[in-house]
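**Student:** sequence first, then the predicted structure:
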Amino acid sequence: MRFSKMFIPTLREAPADAEAISHILMLRAGYVRQLAAGLYIFLPLGLRVLGKINAVLKEEMEAIGAQEISMPILHPAEIWQQTGRWDIIGGEMFRLKDRTERDFCLGMTHEEIMTWLASREIRSYRDLPQVWYQIQTKLRDEARPKSGVLRTREFTMKDSYSFDATDEGLEKNYQLHAEAYHRIFNRCGLKFLQVESDPGMMGGGYSHEFMAPSPAGEDVVALCEGCGYSANVELALSTPVPNAAVDWSYEEVHTPDKRTVKEVSHFLKIDPSYFIKSILVMSETGPVLALVRGDQELHEKKLSKVIGAHRPAQKTEVKEILGVEAGFIGPMGHTLRIIADPCLKEGLFLTGANKQHYHIKGVKADRDFTAAWHDIHNAKAGDLCEKCRKPLRAEKVIEIGNIFKLGTKYSSALKAVFLDENGQEKPIIMGSYGIGPARIAASAIEQNNDKDGIIWPRSIAPFDLELIPLNMNDPKTVETAEQLYKDLKAAGYDVLMDDREERAGVKFKDADLIGIPTQIIVGEKTLKEGLVEIKDRKTKETARVKVEEVLEKING
RNA sequence: CGGGGCGUAGCGCAGUUUGGUAGCGCGCACGGUUCGGGACCGUGAAGUCGGAGGUUCAAAUCCUCUCGCCCCGACCA
């Protein structure tokens, strides 16, 4: 491809409303343009990158026996109503009516439609297993689109679905996908982690996420260097570092107007890790008191798993229910439901006295209060691994893929059943598996860039080589570049030749910004010695080679 | 949905406090000189100041409403 013929609108300055590095660089290097919040146009370079990624996805999916199909993105409401998600999912689903007022939605994922197809076509265990996939547009009315192409309202996803007769079959397809995902992300040049995750709305019981470490990430994972345990902090188990034992007797302490852990801690000169933080929340079945250690934070999602949907109590509710102002609450002497974090089980603590302006020192679990014990604190760096007791590390990550064991949630709802060897009717056992190509591209940029621009991993770069004739007015330069262009293309390389009538500096700057991994520089002076330069975008190392040896050098 | 910020030429911004002829840099067009890390000189085109309403002799500037975009949080197949 000739640069002069390709639409590559590079920008000298970054648009003001871009923050994430990948977002800034994709805009500056002419890969994407924004249409509206969460809606992006992929320009020629950007589309080439997606094409490369999709090619890897297809190869690896075919390699595990998945078959490509294509599903509509406009879905009749009935199917979503049958699985219940029409009502469960809120504003995130785009809904519309056709001219006869029939309800439709735009597909945010395709479990329903895939299962519908299976329900119509699969009859016997002999038809199983099946693995179907597509690379298809999804639409979600995101509450907050952000970070360029990392969180958008319209995006493509490689989604595959496995259909099995047995749990063993599902396990096999799940593992095959996990392995394929490892190959895919490795081939795309990403650093990534596989972590345990929360299945959330997908239902089913078991899932993993694939995460690319990056400061632009929205998720946080907890990692153990010791045993390799890794999980999304939404469900990561951890033990806060135990504090040294103290020898307190049960006594009331006067703490005038000291309400927060910080205030009381400062006032009494006692570390927050000796505090019990009591948080009143309102669940659907009534008020619940949640207890975490003073230096820990309550994790709403973990608590939800125990008590269901809930919200923090208002100040007036605290007063009404506990008879004391927030800030002086303690777990002693209440009859309401108490959920406590296990790190409070051992040792003596300080907590509110249920009396204005007083706290109590020397509170002991099971003696002074009773509670149901559940891990409800937010796992954080420095906590100890639940499995091996080594300190955990926390890392910000971009979710680039996920795999779910769905079980029979969708097949049961949509009556996707088969007859087994004994003529018994059974629901198909399903799994679903997603990867976001645009997130792979953005993650690759997040992980591979420098002050000059993008440094693409070879496998997903828009071109293999950028050929840069510096002076288009020098006939020898042009002649040499044209010959190299022909030869390299004939050898199977994707080559971008910067044939523009631009100064050398402009071409260098644009080449670095665009980030094609290898540059071949044809300069007037070096050419007089029969040489051109081959420059590595990442290391900036330059090798001078004879013109006739370029192909050999590139191949090597 | 809550909190914060920002909408002025294609991009980056100044001008708004204190109302009085709409500016700068980059980019773009043309001419010339340059030509290995975003050249220089000259000339020029380009803006409903996000939109609507109001106050005023006069509004980018003050008031009201509204739309959009970004960030933090909530939410998130």
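**Tutor:** Perfect, thanks for sending it.
**Student:** who in the stretch 351-500 of chain A is up against RNA strand B?
**Tutor:** Among all residues of the stretch 351-500 of chain A, those adjacent to RNA strand B (criterion: Cβ under 7 Å from any atom of the strand) are A:402, A:404, A:432, A:434, A:452, A:470-471, A:473. Placement of C-beta: from N, CA and C, glycine included.
**Student:** distance to residue A:426 and neighbour count added to the residues you listed, as JSON lines?
**Tutor:** Formatted as JSON lines, the entries for those read as follows, by distance: Cβ to Cβ, whole Å; neighbours: other Cβ atoms under 10 Å:
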{"residue": "A:402", "distance to residue A:426": "26", "neighbour count": "24"}
{"residue": "A:404", "distance to residue A:426": "20", "neighbour count": "26"}
{"residue": "A:432", "distance to residue A:426": "19", "neighbour count": "23"}
{"residue": "A:434", "distance to residue A:426": "26", "neighbour count": "24"}
{"residue": "A:452", "distance to residue A:426": "59", "neighbour count": "15"}
{"residue": "A:470", "distance to residue A:426": "69", "neighbour count": "22"}
{"residue": "A:471", "distance to residue A:426": "72", "neighbour count": "17"}
{"residue": "A:473", "distance to residue A:426": "75", "neighbour count": "8"}
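**Student:** now for the residues you listed: which two are most distant?
**Tutor:** Greatest spacing in those, by Cβ to Cβ: A:404 and A:473 (59.5 Å).
**Student:** contacting residues around stretch A:11-31?
**Tutor:** Around stretch A:11-31, the neighbours that count as contacts under Cβ atoms under 8 Å, 6 or more residues apart in numbering are A:7-10, A:32-34, A:42-43, A:45-46, A:49, A:147-150, A:216, A:441-443, A:445-446, A:449, A:453-454, A:513-515.
**Student:** stretch A:303-319 now?
**Tutor:** By Cβ under 8 Å, 6+ apart, the surrounding residues in contact with stretch A:303-319 are A:279-285, A:287-288, A:290, A:300, A:321, A:324-326, A:329, A:337, A:339, A:372, A:374, A:376.
**Student:** got the buried residues for that stretch?
**Tutor:** The neighbour-count check on stretch A:303-319 (16 or more other Cβ atoms under 10 Å) flags A:303, A:306-307, A:310, A:313, A:318 as buried.
**Student:** tell me the mean pLDDT over it?
**Tutor:** In this model, stretch A:303-319 carries a mean pLDDT of 80.
**Student:** could you flag which of the contacts of stretch A:303-319 are buried?
**Tutor:** Buried residues within the contacts of stretch A:303-319, counting neighbours by 16+ other Cβ under 10 Å: A:279-283, A:287-288, A:290, A:321, A:324-326, A:329, A:337, A:339, A:374, A:376.
**Student:** so which of those are in helices?
**Tutor:** Residues of those located in helices (DSSP state H): residue A:321.
**Student:** which of the buried ones among the contacts of stretch A:303-319 fall in strands?
**Tutor:** Here DSSP state E is the test, and the buried ones among the contacts of stretch A:303-319 give A:279-283, A:287-288, A:290, A:337, A:339 as lying in strands.
**Student:** can I get these in CSV with distance to residue A:391 and pLDDT?
**Tutor:** Compiled in CSV, those are given as follows (distance: Cβ to Cβ, whole Å; pLDDT from 0 to 100):
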residue, distance to residue A:391, pLDDT
A:279, 26, 87
A:280, 32, 87
A:281, 30, 86
A:282, 35, 83
A:283, 33, 82
A:287, 36, 86
A:288, 31, 88
A:290, 25, 90
A:337, 33, 90
A:339, 26, 91
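**Student:** for RNA strand B, state which of the residues you listed is nearest.
**Tutor:** Proximity of these to RNA strand B, judged by Cβ to the nearest atom of the strand, is greatest for residue A:281, which lies at 11.9 Å.
**Student:** so what's that closest one closest to, chain neighbours aside?
**Tutor:** With Cβ to Cβ, 6 or more residues apart in numbering as the measure, residue A:310 is the residue that lies nearest to residue A:281, at 4.4 Å, once sequence neighbours are left out.
**Student:** how far is stretch A:225-234 from where the chain is centred?
**Tutor:** Using Cα atoms, centre = their mean, to the nearest Å, the distance from the centre of stretch A:225-234 to the centre of the chain it belongs to is 16 Å.
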